[in-house]
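S.K.: I'd like to go over a predicted model; first the sequence, then the structure.
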Amino acid sequence: MIEIENLTMNYGALKALDGLSLNIQPGELFAFLGPNGAGKTTAIKLLTGLMKPMKGEVKLCGIDIQKEPLKAKALLGYVPDVAVFYEKLTAPEFMHFIADLFLMDVRHAAMRTNELFTQFNLHEHCGQRIENLSHGTRQRLAIASALLHEPKVFVIDEPMVGLDPIHARVVKEELKRQSQAGATVLMSTHLLNIAEELADRIGILHRGKLLFVGTLQELRAAQEKQGLKLEEIFLEMVS
């Protein structure tokens, strides 16, 4: 699970996050929504340990990511909005590198790589260096590599970047599969239809504050907007 308590982060005079508190349970698929500059990416960087908060704490499965970063990150799979690779490696070489980072058994890592490459249609690209792969193929490789060690917490920023409709469906199915298997899944997205389709709960961030957290049905009830689409309610809230 993900436990966020009073998370605060400033960039100079700009308050990127203002006392964010949130719990996301095992088996839950949670979506962060918000306009540009709302604080979504900052929140993700803090909860994945890429930045240190000015105030507050984050725990992954009960482990404080600032106090025990290696132990916490061993449970975490993370796909940023722009994935970074060692460009001269091939896709299998990159997966081998990730397996080494997580001290995975060689045979198990090879089996998982084969499963994930089949699932994400990556086998045909195995002979190419990553620098020559399309944006959508790189995104699928990033997701596969983040799932290699079977993380208990999976965080993905803009999951559908560069994906065609066929592979977008594959990724959506995998996100649901992860949560149904008991993982805690957090995604940040600008695509409100994706959140509406997939998320068990949503959190709407605006100017560093959490305006709402709950199910879509609870959001409609709170805003007295029964029957409206998420997009219509969201635009009213942040305009």
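M.R.: That came in fine, so what should we check first? Since the model is a prediction, treat every value here as computed from it, not as a measurement.
S.K.: Tell me which helix or strand comes right after whatever helix or strand Met9 lives in.
M.R.: Applying DSSP states H and E as the criterion places Met9 in strand 2-11. Where DSSP H and E defines the elements, the next helix or strand beyond strand 2-11 is strand 14-24.
S.K.: that's a helix at Gly37, yeah?
M.R.: No - Gly37: not assigned to a helix; according to DSSP: H, G, I helix; E, B strand; the rest coil it is coil.
S.K.: Burial check on it, number of neighbours?
M.R.: By the criterion of other Cβ atoms under 10 Å, Gly37 has 14 neighbours. Where you see a C-beta, it was placed from the backbone N, CA and C, and this is true even at glycine.
S.K.: same thing with Tyr86?
M.R.: By other Cβ under 10 Å, the residues close to Tyr86 number 11.
S.K.: Quick check, it in contact with Leu141.
M.R.: No - here Tyr86 does not reach Leu141: they are 11.6 Å apart, not a contact under Cβ atoms under 8 Å.
S.K.: Where does pLDDT dip in the chain?
M.R.: For the chain, residues meeting the criterion pLDDT under 70 lie at 223-228.
S.K.: Quick one: the strands in it, in order.
M.R.: Taking DSSP state E, the strands of the chain run over residues 2-11, 14-24, 29-33, 55-60, 63-64, 76-79, 153-157, 184-188, 201-206, 209-214.
S.K.: doesn't Ile194 make contact with Leu29?
M.R.: No - counting by Cβ under 8 Å, Leu29 stays clear of Ile194, with 10.8 Å between them.
S.K.: Quickly list what's touching both of Tyr86 and Leu141.
M.R.: Contact with both Tyr86 and Leu141 is made by residues 94, 130, according to Cβ atoms under 8 Å, 6 or more residues apart in numbering.
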